[in-house]
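Asks: here is the input, now give the coordinates:
(chains A and B)
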Amino acid sequence: MSPRSRFTKFLDTASRSGLMVWACVLGLIGLALMSWSLFDQGWIPVMMAMSVGQGIGTLSFALFLVIVIIDLRQAEFRPSLPVAPPKPEDD
Amino acid sequence: MHISPLSWIALTCAVVAAGIMLYYLVRRPPLDAAGKSVMMLGVGVLPIMVAMIGNMEGLQATEHQAFCGSCHTMDMHIADANDPESGSLAAIHSRTIKFGDKSCYVCHKDYGMFGYAMTKLGGMGHVYMFLSEYAWYDMDEALPKIHIARPFKNDNCMQCHSTTGSIWSGVADHNGLLEDLRTGETSCVSAGCHGYAHPFSKPDEETPSDAEVHSALQAPAPEGT
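Replies: This next block holds a predicted model:
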């Protein structure tokens, strides 16, 4: 199975709430690391915030975007205006 | 510990974002349009604000002595720089307002076009060397082994000491070595001139006495240097 079809299958079967739980957990870890550097500006907190913290935060946001993609794939798009009735043919 | 106003904004964003995420984890509200809008705020917009402000504050923090001194191998360098009795170049410069709390950065940064980025890259090298080697040494072991990665550039001294002022030019050694000093052939911080910036880290025989350093540094007016 190609990576693309594997990803498509994942989008079809993944649980949105499960993904959001992971997004929240990762987001909280990322936020904690990023906030740590605001209190303690030694090299470990600053570098952790700007590398690991932001990486985890990005992953969290990426999971949220996956949820949006899943929703967009399942959405039924309707035209915003009703289709105009056919004009009566001129006699 | 000083927290800047910008950091307070970041902390507020972090608290609100954490609140939104915790609320989702505990209550599991439906992910309809309104729910996703709120989560967009909690997982996207607010953490991005925290990251952006964190970057600004973090990069600014790297310019302070507290950052450089957070590796134990720099303890003696920081202690000497902040010692009011010390006559080392590092201490003399750290006592001036322009250097002060940022004396490590002001002296050691790269002043070229891409200076900021190059300085940060150099700093990453320091972190690598610390993690791979010096972190495991105590101060006595580390001190003889720590050395500057590249010879200290006179260009850095010349950011303030332009080499054109009358008092500076009045020193015979400066005149005799003018071209060498400007090109960096002869270092301002060599043992025969103003001495090492961190003399305690050098063997005694390479270190000029305090009296020699003081006599070389008796140029009182900064405008003329």
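Asks: quick one: secondary structure of the residue positioned nearest the centre of chain B?
Replies: Closest residue to the average C-alpha location of chain B: residue B:105 at 2.8 Å, with CA atoms, centre = their mean. At residue B:105, secondary structure determined by DSSP: H, G, I helix; E, B strand; the rest coil is helix.
Asks: who in chain A is up against chain B?
Replies: Taking CB under 8 Å from any CB of the partner chain as the criterion, the neighbours of chain B within chain A are A:16-17, A:20-21, A:23-25, A:27-28, A:30-31, A:34-35, A:37-44, A:46-47, A:49-50, A:53-54, A:57, A:60-61, A:63-64, A:67-68, A:71. Backbone N, C-alpha and C define where each C-beta goes, glycine included.
Asks: what helices and strands are in contact with the longest helix along chain B?
Replies: Assignment by DSSP state H gives helix B:5-27 as the longest helix of chain B. Counting contacts by 3 or more CB pairs under 8 Å, 6 or more residues apart in numbering or on different chains; DSSP states H and E, helix B:5-27 packs against helix A:16-39, helix B:33-39, helix B:46-61.
Asks: still on that earlier bit, can you tell me which of the residues of chain A next to chain B are buried?
Replies: For those, a burial check counting by 16 or more other CB atoms under 10 Å in any protein chain shown picks out A:16, A:20-21, A:23-24, A:27-28, A:30-31, A:34-35, A:37-38, A:41-43, A:46-47, A:49-50, A:53-54, A:57, A:60-61, A:63-64, A:67.
Asks: with adjacent residues omitted, what lies nearest to the residue nearest to the centre of chain B?
Replies: Closest residue to residue B:105 apart from its sequence neighbours, by CB to CB, 6 or more residues apart in numbering or on different chains: residue B:63 at 4.2 Å.
Asks: where does the one you found land in three-state SS?
Replies: Under three-state DSSP, residue B:63 falls in the coil class.
Asks: right, and it touches residue B:103 too?
Replies: No - between residue B:63 and residue B:103 there is no contact under CB atoms under 8 Å: 10.1 Å.
Asks: give me the more crowded residue out of these two.
Replies: Between residue B:63 and residue B:103, counted using other CB atoms under 10 Å in any protein chain shown, residue B:103 has the larger neighbour count: 24 against 16.
Asks: how near is the more buried one to chain A?
Replies: Residue B:103 is 16 Å from chain A, where distance means CB to the nearest CB, to the nearest Å.
Asks: quick one: contacts for that residue?
Replies: Residues counted as contacts of residue B:103 (CB atoms under 8 Å, 6 or more residues apart in numbering or on different chains) are B:65, B:81, B:90, B:93, B:94.
Asks: check these and tell me the two furthest apart.
Replies: Farthest pair in the contacts of residue B:103 (CB to CB) is B:65 and B:93. Separation: 11.9 Å.
Asks: OK, contacts around residue 46?
Replies: Because you didn't say which chain, this covers chain A. Residue A:46 sits next to A:37, B:58, B:61, B:62, B:67 when contact means CB under 8 Å, 6+ apart.
Asks: please go with chain B instead
Replies: By CB under 8 Å, 6+ apart, the contact list for residue B:46 reads B:13, B:14, B:16, B:17, B:20.
Asks: go again with 6 Å.
Replies: By CB atoms under 6 Å, 6 or more residues apart in numbering or on different chains, the contact set of residue B:46 is B:13, B:16, B:17.
Asks: tell me how many other residues crowd residue 18.
Replies: Here I'm looking at chain A. Residue A:18, neighbours per other CB under 10 Å, totals 11.
Asks: let's do chain B instead
Replies: By the criterion of other CB under 10 Å, residue B:18 has 20 neighbours.
Asks: roughly how far does it sit from residue B:159?
Replies: Residue B:18 sits 43 Å away from residue B:159, going by CB to CB, to the nearest Å.
Asks: what's the distance between residue B:141 and chain A?
Replies: 20 Å.
Asks: quick check, distance from the helix or strand where that residue lies to the centre of its chain.
Replies: Element membership of residue B:141, judged by DSSP states H and E, is helix B:139-142. In terms of CA atoms, centre = their mean, to the nearest Å, the centre of helix B:139-142 is found 21 Å from the chain centre.
Asks: check stretch B:149-168 too.
Replies: With CA atoms, centre = their mean as the basis, the mean position of stretch B:149-168 lies at 18 Å from the chain mean.
Asks: ok, residue 3 - how many residues close by?
Replies: By default, I'm working from chain A. Residue A:3: 7 neighbours (other CB under 10 Å).
Asks: I was after chain B.
Replies: Residue B:3: 13 surrounding residues under other CB under 10 Å.
Asks: repeat for residue B:192
Replies: Close neighbours of residue B:192, defined as other CB under 10 Å, add up to 11.
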